Structure formats: C-alpha cells, structure tokens
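[1] quick check, what structure comes out for this input:
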Amino acid sequence: MDIPTQVVSFLSSRALKLATAESCTAGFIASLISSVPGSGACLDVGFITYSPSGKAGFLGVQEKTMNRYGLTSEEVAREMSEGALRLEECCADVSVSNTGVADGNAGSVPAPGTQCFGWSFKLRSGEIVSATETKVFDGDRNEVRHAAAQYALSRIEHQFYHLVHAPEQHADRTEQDQR
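    Numbering: from 1, shown residues only. The predicted structure follows:
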C-alpha cells in the first residue's frame, strides 16, 4: 500500500480530518491525499502559503518568528501547522505543514533541499499538540518537493501515536522548549 493510501486509511479508520499548510510543496501533500479514492472523508482543507504575508495572514504565523528563525525553520512550520487547526472554519483534527528550500546555490543557507515539517493534533480538550522536524533531501526541485510531500505524510501516524498517546512525553518536550 502506498503512503497516501495508508494515510487515508489511518485517518478514515479514526474519523479524523486533515488540513495541510504548505509552502515549498505548494499543495503537493494535499494533492497526494486527494488522489486516493475515499479521501474526501478525511481531507478538510489545504493552504498554500508561499509568501510571508500569506503565512501571517492565513495561518497566523508571527512576523517575529519569521524574522528571528527564518522562513525555513521548525518554528515557522509549527506555527503554520497549529495555525491551520486554530481557524474557526477548519474542521480538521490533524494538520501537517511544510516550509523549505527546494533548490538553490551550493553553500547557501539553508542548504538546498532543506525541508521543515510540523504535525499538529487537536485533542478532545481543544489543546493542540505538535512536533517538528527538519530533513534535507537530495535531487532537483521537483524531486525534493515530491520527497518532502511523501515524508510529511509518512510521519502522520507516527506523530499521532507519539503525541496523542504519550501526552506525558509531550509535556516534557513543552517544558524543554520553554527553557
């Protein structure tokens, strides 16, 4: 079973809805999900926020976060993912975000292929729990985007079990993040 089909099966079996908040992948994550028959039962909304103003205006990413950490950062990915779930119009329980650099010059910072991801889950209490990760992918622009979209989807189930079924670990991570 391919990754998008596995994700649709996982989300559907738990009656979970997905939102995507994408920058570098430019809608590819949502496109992969929507290619699966029955995905309408679990795909709620997809945002493509390529510009800083789009990230701020639609997803509530703070300008100070973008300025301090840069657009390709786990901090921005977290705010994108959480921002999607906070929107009143969004009915999703799960969100995944991506921001990164698909190509560029060797030696540039961040390095070409650098991708930051955020995964967020809205608990029954209304609390949102999140995880972030950075990976570097090799390849041309479209190979990086494809690999990033596949990776973002491939980690949804893992993050669900890590964050939703292990809240004490999340509390420890939150305390570490605040130090």
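[2] ok, the residue sitting nearest the centre point of the chain - contacts?
    In the chain, the C-alpha nearest the mean C-alpha coordinate belongs to Ser97, at 1.9 Å (Cα atoms, centre = their mean). Residues near Ser97 by Cβ atoms under 8 Å, 6 or more residues apart in numbering: 20-23, 77-78, 80-81, 84, 117-120, 152. Quick note: C-beta positions are derived from backbone N, CA and C, even for glycine.
[3] and the strands in the chain, which stretches?
    Chain-ordered strands for the chain, with DSSP state E as the definition, fall at 18-22, 43-48, 94-100, 114-122, 128-136.
[4] lowest-pLDDT helix or strand in the chain?
    helix 167-178 (a mean of 46; mean pLDDT, DSSP states H and E).
[5] of all the strands of the chain, which one is nearest Ile3?
    Of all the strands of the chain, it is strand 94-100 that lies closest to Ile3, at 12.1 Å by Cβ to Cβ.
[6] so that closest one versus strand 128-136, what angle?
    Here strand 94-100 points in a direction 30 degrees away from that of strand 128-136 (axes from the mean of the first three to the mean of the last three Cα atoms, to 10 degrees).
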